[in-house]
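K.L.:
let's see this in three dimensions:
(chains A and B)
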Amino acid sequence: MDQTAKQTTNQQHPIGIYLKVWALLFVLSALSYMVDYFQFQGYLRWTLVLIFMFLKAGFIISIFMHLGWERYALKCTLLLPPLAIGVLIWLMAMEADYTFSSRQLFLGQ
Amino acid sequence: MTTETNKPTVDTRWQSLNSDWANDKETFPMPWGKLMMWIFLLSDTFIFSIFLTGYMNVRMSATEPWPNTSEVFALTIAGQHIPLILIAIMTFVLITSSGTMALAVNYAYQGDRKKTFLLMIATALLGASFVGMQAFEWSKLIHEGVRPWGNPMGATQFGSAFFMITGFHGIHVSAGVIYLSIIANRVRKGHYEGKGYHIVEITGLYWHFVDLVWVFIFAFFYLW
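P.N.:
As a prediction, this is how the structure comes out:
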C-alpha cells in the first residue's frame, strides 16, 4: 500500500478544462442531432455524423478519462488492440454485401 | 544493449515506452485497480464493437427496408411532432452525468468529500433517469409491436439489434448507478481517508466509458 502512496499519478487538473470540454460535448451532441433534424442525407450525413462522433469520443477519452495525460505505454496498450476491430468491420461489410446480393439473386426480392 | 540510459528523465514518448517496458520495474505506474479497470474497459470495447459490427452486418444484408429511426423514435410533445427527440434528451442526460462525474473526480483529489458525494449522487440520479427513459422507449416500441423476431415497420433484424444493443448498454448504465451509489456512500462515510481517492477516478473511468459507448450507439443505431 505504501507503493501506491509513493506514486504521484493523481490526475489533478484545473477545473476549467472539464467545464470547457463539457460545454463542447453539448455543442457536438446538439450538432449531431441537427444532422437528423434537418435530414441531411448521403455522404454529407455520414461525414458529419462520423466527425462529430469521433470528436466526442476523443474528448471523452483524452480529457474526461485522462488518457491524454497518461504515459505512452498505457496509450499504446489501450489504443492499438481496437485497431483489429477495423479489420472485423471490413470483413463483415464484405460478407454483408455478399449476403445481400445472394438474397436478391435467390430469394427474388 | 545500447539503450542503457542513465538520464533521470526520459525525453520522447518512444523512450518512455521503451523504459517502461524494458527497465526492471512495474510497467504501468498506477494503482492496480485503475489498470484493471482499463483492461476491463478494453475488453468491453470489443464486446460492444462486436455487437455494433453484427448490427452493421444484418442491416447491410437486409433486403426489406430498415425502419426509419428518425420516425420510430419521434415523440409528439405539446402538439409538436419532433423527430428522434427522446434519444436526443437521453444523450444530453448522459453527457450531463459525465460532466458531474468528471467534477466529482476533481473534488475527490482535492479532498472535498461532501462535494464528491453530492456530485456522484447527481451522476447516479442522471444515470437512473437515463435508464427510466430507456424503459419508456422499450415499452413504447413493444406496444407498437416491435419484437426481436419482427416488427410492423420493416426489416425483422431491427428488433433484435435494437433490444440487444440498447439492452446491453442499459445494463451497463444500471450497474454503473449501483456502483456509483456504493462508492459515493463510502466516500461520505470517510472510508477512503488515508487510502486515497483513486477509487473515484476508477468509478469515473467506468462511467465515462458508458457515455463513450452511447456516443457510438447514437451515431450508428439512431443516426444511420
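
K.L.:
switch to C-alpha atoms for all contacts and neighbour counts from now on
P.N.:
Will do.

K.L.:
please enumerate the helices of chain B.
P.N.:
For chain B, helices defined by DSSP state H occupy the ranges B:13-22, B:32-61, B:69-72, B:85-110, B:113-143, B:157-189, B:198-217.

K.L.:
what is the last one packed up against?
P.N.:
To tie it back to what came earlier, the one meant is helix B:198-217. Here helix B:198-217 touches helix A:42-59, helix B:32-61, helix B:85-110, helix B:157-189, going by 3 or more CA pairs under 8 Å, 6 or more residues apart in numbering or on different chains; DSSP states H and E.

K.L.:
identify the residues contacting B:Ala62.
P.N.:
By CA atoms under 8 Å, 6 or more residues apart in numbering or on different chains, the contact set of B:Ala62 is A:100, B:155, B:157.

K.L.:
phi, psi of it?
P.N.:
Phi and psi for B:Ala62, reported as degrees, to the nearest 10, are phi -70, psi 130.

K.L.:
check what pLDDT it gets.
P.N.:
pLDDT recorded at B:Ala62 is 91.

K.L.:
count the residues that sit near B:Asn185.
P.N.:
15 (other CA atoms under 10 Å in any protein chain shown).

K.L.:
distance of it from B:Lys114?
P.N.:
Distance of B:Asn185 to B:Lys114, computed by CA to CA, to the nearest Å: 11 Å.

K.L.:
do B:Leu94 as well
P.N.:
23 Å.

K.L.:
again with B:Met56
P.N.:
45 Å.

K.L.:
B:Ala78 too?
P.N.:
Note on B:Ala78: its distance to B:Lys114, by CA to CA, is 40 Å.

K.L.:
more neighbours, those two?
P.N.:
A direct count of neighbours by other CA under 10 Å for B:Ala78 and B:Lys114 places B:Lys114 higher, at 17 against 6.

K.L.:
ok, for the more buried one, nearest residue in space, not its chain neighbours?
P.N.:
Setting aside the residues directly before and after it, B:Lys114 is nearest to B:Arg188 in space (CA to CA, 6 or more residues apart in numbering or on different chains), at 6.6 Å.

K.L.:
list the contacts of the one you found.
P.N.:
By CA under 8 Å, 6+ apart, the residues touching B:Arg188 are B:113-114, B:117.

K.L.:
so B:Asn151 sits against B:Gly145, correct?
P.N.:
Yes. Counting by CA atoms under 8 Å, B:Asn151 does reach B:Gly145; the two are 5.8 Å apart.

K.L.:
the more surrounded of these two?
P.N.:
It is B:Asn151, of B:Asn151 and B:Gly145, that has more neighbours when counted by other CA under 10 Å, with 19 against 14.

K.L.:
what's the spacing between whichever residue of chain B sits closest to chain A and B:Phe162?
P.N.:
Per CA to the nearest CA, B:Ser61 is where chain B lies closest to chain A, at 4.3 Å. For B:Ser61, the distance to B:Phe162 (CA to CA) stands at 16 Å.

K.L.:
so those two - more neighbours on which side?
P.N.:
Using other CA under 10 Å, the more surrounded residue of B:Ser61 and B:Phe162 is B:Ser61, with 22 against 19.

K.L.:
distance of A:Gly42 from A:Val35?
P.N.:
A:Gly42 sits 11 Å away from A:Val35, taking CA to CA as the criterion.

K.L.:
got any residues that touch both of the two?
P.N.:
With CA under 8 Å, 6+ apart, A:Gly42 and A:Val35 have no common neighbours.

K.L.:
fine, thanks again, bye for now.
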